[in-house]
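**Q** just coords:
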């Protein structure tokens, strides 16, 4: 929604907004918009009689502004609907989708296209560190990289957001079960992806990750050319990993068996190198020169809350990451091991997403933390809204991890975790914090406790 507001501002609209109290980085992004934003929802916030009300998918019936828009018969749309007609029809839409990695891949694609002089527009579902804002309109006819979210569109439109995005090029990074509040099983998610892919024109392109079987299986649902990327020997765009030095990894990109580019990549982890391959393949399709990508790649800063070093104190490095799915947790921990080899790794996790607060991934969560040295499981977000028999069993998870030789704790509060870290962390440790929310203000509390 912040990115949509930025695009509307660039397009010349007067913009106002409403939201619940926000936390960083979203609160910082909203402040940077420079528009009036009401804290809390009230029908009076619509008394200025806007020409258009864009309703986010977090809102539903009963919200006072939703009810006011309906009562007054104001013109209202979802954000994806507005993007489709106001932005994407006039541009070359590149949809970056998948269960994992879509934010980083979108940011990287926009960055590489920009570095190649292609002046793209973009919408990134996070705060990019290489651009001043999370969205940019770009010129008509220019490429537009947009994060393709499979979550539903609005309370009045239960189709996936990416269904509206008019893809000329689409990327599917991965496909696993997620969003247990929207989908009952992974097959329902596959159907959502299939419907999006059917909209790619015959002149377009589908790029799927060869290392993810469910993503690869989508090839048969496209009516356009399909190329694959990854580390599998059959991949059309294949990566070869070299040595790492000074925080950069030597990475050779091959296309159809021939070397296409040699890059130095500032991202750790197999999953991030897959993201690099996807972004490079997109850039090549749009017309980027490999030398331009090679020159730009080492300076890529990434996205806030994706393996972001947010604090260092007493020889301890503190990392913030958005990972909240077992696969993302496992890959992020592996990436931390790659980036900080030989250092003790302490992992703090907040069960917050609509899937990880339940028992759906009870067994998978045990495997996800297997490479950690110690784990603290925070309180379950809004635990009172989940029947006890359906909740993630943190005590059982901690017991299973301890049995596997990992020092694990199910904490009763964020303050308990902060106290434990202050007492247990020692110089050269890495503390990895995993949450897709505010984690009870743990970031500020750690800074204060270690000041």
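**A** Yep, it's here. From a predicted model like this one, the values you see are computed outputs, not experimental measurements.

**Q** what about stretch 141-150, distance to the chain center?
**A** 14 Å (Cα atoms, centre = their mean, to the nearest Å).

**Q** that stretch: which residues count as buried?
**A** The neighbour-count check on stretch 141-150 (16 or more other Cβ atoms under 10 Å) flags 142-150 as buried. Placement of C-beta: from N, CA and C, glycine included.

**Q** what's the span of that stretch, first residue to last?
**A** Stretch 141-150 has an end-to-end distance of 26 Å (criterion: Cα to Cα, to the nearest Å).

**Q** let me see the mean pLDDT of it.
**A** Mean per-residue pLDDT for stretch 141-150: 97.

**Q** my guess is residue 244 contacts residue 266. True?
**A** No - taking contacts as Cβ atoms under 8 Å, residue 244 lies outside contact range of residue 266: 10.2 Å.

**Q** pull the helix or strand with minimum mean pLDDT from this structure.
**A** Using mean pLDDT, DSSP states H and E, helix 26-33 stands out as the lowest-scoring helix or strand of the chain, at a mean of 88.

**Q** residues contacting the residue lying closest to residue 82 once chain neighbours are set aside?
**A** Distances taken as Cβ to Cβ, 6 or more residues apart in numbering put residue 54 closest to residue 82, at 5.4 Å, once the chain neighbours are dropped. Residue 54 sits next to 1, 4, 8, 76-79, 82 when contact means Cβ atoms under 8 Å, 6 or more residues apart in numbering.

**Q** make it 10 Å
**A** For residue 54, the contact set (Cβ atoms under 10 Å, 6 or more residues apart in numbering) comprises 1, 4-5, 8, 13, 15, 17, 76-83, 86, 154.

**Q** buried ones from those, can you make that a ChimeraX selection?
**A** Of those, the buried ones go into a single ChimeraX selection, burial set by 16+ other Cβ under 10 Å:
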select :1,4,5,8,15,17,76,77,78,79,80,81,82,83,86,154
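
**Q** which ones among the contacts of residue 54 map onto strands?
**A** 17, 76-78, 154 (DSSP state E).

**Q** how about the most centrally placed residue in the chain, secondary structure?
**A** Geometric centre of the chain, nearest residue: residue 103, 3.8 Å, by Cα atoms, centre = their mean. Using DSSP: H, G, I helix; E, B strand; the rest coil, the structure places residue 103 in helix.

**Q** which residues of the stretch 301-450 of the chain score low on pLDDT?
**A** By pLDDT under 70, the stretch 301-450 of the chain has no low-scoring segment.

**Q** in it, what residue spans correspond to helices?
**A** Using DSSP state H, counting those that start in this stretch, the helices of the stretch 301-450 of the chain run over 326-339, 362-368, 394-403, 414-424, 442-449.

**Q** tell me which of those helices sits most buried.
**A** Comparing those by mean neighbour count (mean count of other Cβ atoms under 10 Å), helix 326-339 comes out on top with a mean of 21.

**Q** which strands or helices does that helix pack on?
**A** In terms of contacts (3 or more Cβ pairs under 10 Å, 6 or more residues apart in numbering; DSSP states H and E), helix 326-339 is packed against helix 270-286, strand 316-321, strand 345-349, helix 362-368, strand 430-434.

**Q** was I right to think the residue nearest to the centre of the chain contacts residue 275?
**A** Yes - counting by Cβ atoms under 10 Å, residue 103 does reach residue 275; the two are 9.5 Å apart.

**Q** common neighbours of the two, please.
**A** residue 96.

**Q** now the residue lying closest to residue 205 once chain neighbours are set aside. Its backbone dihedrals?
**A** Closest residue in space to residue 205, ignoring its immediate chain neighbours: residue 169 at 4.8 Å, by Cβ to Cβ, 6+ apart. In terms of degrees, to the nearest 10, the main-chain angles of residue 169 are phi -130, psi 130.

**Q** just the mean pLDDT for stretch 250-270, thanks.
**A** The model assigns stretch 250-270 a mean pLDDT of 95.

**Q** which parts of it are buried?
**A** For stretch 250-270, burial by neighbour count (16+ other Cβ under 10 Å) applies to 251, 253-255, 260-261, 263-270.

**Q** kindly report the same for stretch 287-304.
**A** Those would be 288, 290, 292-294, 296-297, 300, 302-304, for stretch 287-304 by 16+ other Cβ under 10 Å.

**Q** tell me the secondary structure at residue 158.
**A** Applying three-state DSSP: residue 158 is strand.

**Q** how many other residues sit next to it?
**A** Burial of residue 158 is recorded as 10 neighbouring residues (other Cβ atoms under 10 Å).

**Q** likewise for residue 320?
**A** Residue 320 is flanked by 22 other residues according to other Cβ under 10 Å.

**Q** that concludes my questions; thank you for your assistance.
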